[in-house]
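Enquirer: Sequence and predicted model, in that order:
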Amino acid sequence: MSKGIISASEMERYGYCPLSWWLGRSGVEAEGSEVDSGLVKHREIGDSLQTLLFEESRSRETSSTLLAVVGYIALLVLAALLILWRVGTFEGNIVLIVSLISMLIATYLLYRLLQSTERIDQLRDNYRLGDGDIEAPGGLSDRSPVLKSEKHNLAGRPDYILHEDGIRLPVEVKTGRRPSAPFFSHVLQTGAYCLLIEEATGTPPPEGQLRYGLESEPHTVEWEPKLKAIVLEKLGEMNDALVGRSEVHRNHNRPGKCRNCSRRQGCPERLDRPPAGDNT
Ligand code: SF4
């Protein structure tokens, strides 16, 4: 098997069960209705974020246009006064009428801007996004940039990055109901993004965020030395396996985990197989 770069989402799979990751690498497809519904929900989340970003960009455009129109009106009024004084009432009045029409346009733009700001505030409140800039979401699509670390043979693209006061926090959005504490595999993936941001910017983020849907409270994943050590340890194991220095096997004894595993059909070590000789 060629070594290839490890993605942060592969780390999630490895955190769930190393063998699941290995099977995925070996071409065993994930299957099951959870996989399909997860993809659909992820797309919906991406669309919601895109709506917000579209609204924000439209709002920025409207405010620049409004600013330009206000400047234009000020010039027109000055010109009208000058014409009234130096040329004549008729010409001056024409310019004043044009100024009035421009004021109506400005009022309409202001109205649109207020409406857009209201929608943005509402969406940010709904998605609990605070005031930070949202970077690199690409609607959870392939268009957003990939962060890479050659040192760790790791690459990944967080669902989005929150950027506020020079600090960048990676945010991973999961589907499904919000658990009281985040799953280890999800924490591992979020840790991988923190590592990538640390390498890319030279500044370790204080934390990452893990969200289950956009409308629930985010879990904070502190980027502290213990988590970093675990991420590096798992990356080391994965890189060793990829160059044939070690083998990958199931690392748990939990049949329930195998029952919920999307690669159980192709797994030689799964725990929910019927006992040998049982043909029922
Ligand atoms: S079926 Fe069980 S052992 Fe096999 S990959 Fe899935 S979780 Fe691991």
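Expert: Right, received. Where do you want to start?

Enquirer: where along the chain do the strands fall?
Expert: With strands called from DSSP state E, the chain shows them at 6-7, 133-135, 147-149, 154-156, 160-164, 167-174, 207-212, 219-222.

Enquirer: from the middle of its chain, how far away would the first one be?
Expert: Which is strand 6-7. For strand 6-7, the separation from the chain centroid amounts to 17 Å (computed by CA atoms, centre = their mean, to the nearest Å).

Enquirer: returning to what we had before: format the strands of the chain as JSON lines; extra columns: distance to Tyr72, mean neighbour count and mean pLDDT.
Expert: C-beta: built from backbone N, CA, C; applies to glycine. Shown next, in JSON lines, are those (distance: least, CB to CB, whole Å; neighbours: other CB atoms under 10 Å; pLDDT from 0 to 100):
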{"stretch": "strand 6-7", "distance to Tyr72": "51", "mean neighbour count": "20", "mean pLDDT": "92"}
{"stretch": "strand 133-135", "distance to Tyr72": "30", "mean neighbour count": "15", "mean pLDDT": "78"}
{"stretch": "strand 147-149", "distance to Tyr72": "43", "mean neighbour count": "19", "mean pLDDT": "89"}
{"stretch": "strand 154-156", "distance to Tyr72": "47", "mean neighbour count": "23", "mean pLDDT": "91"}
{"stretch": "strand 160-164", "distance to Tyr72": "34", "mean neighbour count": "20", "mean pLDDT": "86"}
{"stretch": "strand 167-174", "distance to Tyr72": "38", "mean neighbour count": "23", "mean pLDDT": "89"}
{"stretch": "strand 207-212", "distance to Tyr72": "44", "mean neighbour count": "23", "mean pLDDT": "93"}
{"stretch": "strand 219-222", "distance to Tyr72": "48", "mean neighbour count": "19", "mean pLDDT": "96"}
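
Enquirer: can you put the ones you listed in CSV and add distance to Ser102?
Expert: Putting these into CSV (distance: least, CB to CB, whole Å) gives the following:
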stretch, distance to Ser102
strand 6-7, 53
strand 133-135, 32
strand 147-149, 47
strand 154-156, 50
strand 160-164, 37
strand 167-174, 42
strand 207-212, 45
strand 219-222, 49
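
Enquirer: want to throw those strands into JSON lines with distance to the ligand?
Expert: Output for these, formatted as JSON lines (distance: least, CB to the nearest ligand atom, whole Å):
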{"stretch": "strand 6-7", "distance to the ligand": "17"}
{"stretch": "strand 133-135", "distance to the ligand": "34"}
{"stretch": "strand 147-149", "distance to the ligand": "26"}
{"stretch": "strand 154-156", "distance to the ligand": "22"}
{"stretch": "strand 160-164", "distance to the ligand": "29"}
{"stretch": "strand 167-174", "distance to the ligand": "18"}
{"stretch": "strand 207-212", "distance to the ligand": "21"}
{"stretch": "strand 219-222", "distance to the ligand": "23"}
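
Enquirer: what's the closest of the ones you listed to Ala68?
Expert: Ala68 lies closest, by CB to CB, to one member of the strands of the chain: strand 133-135, at 23.8 Å.
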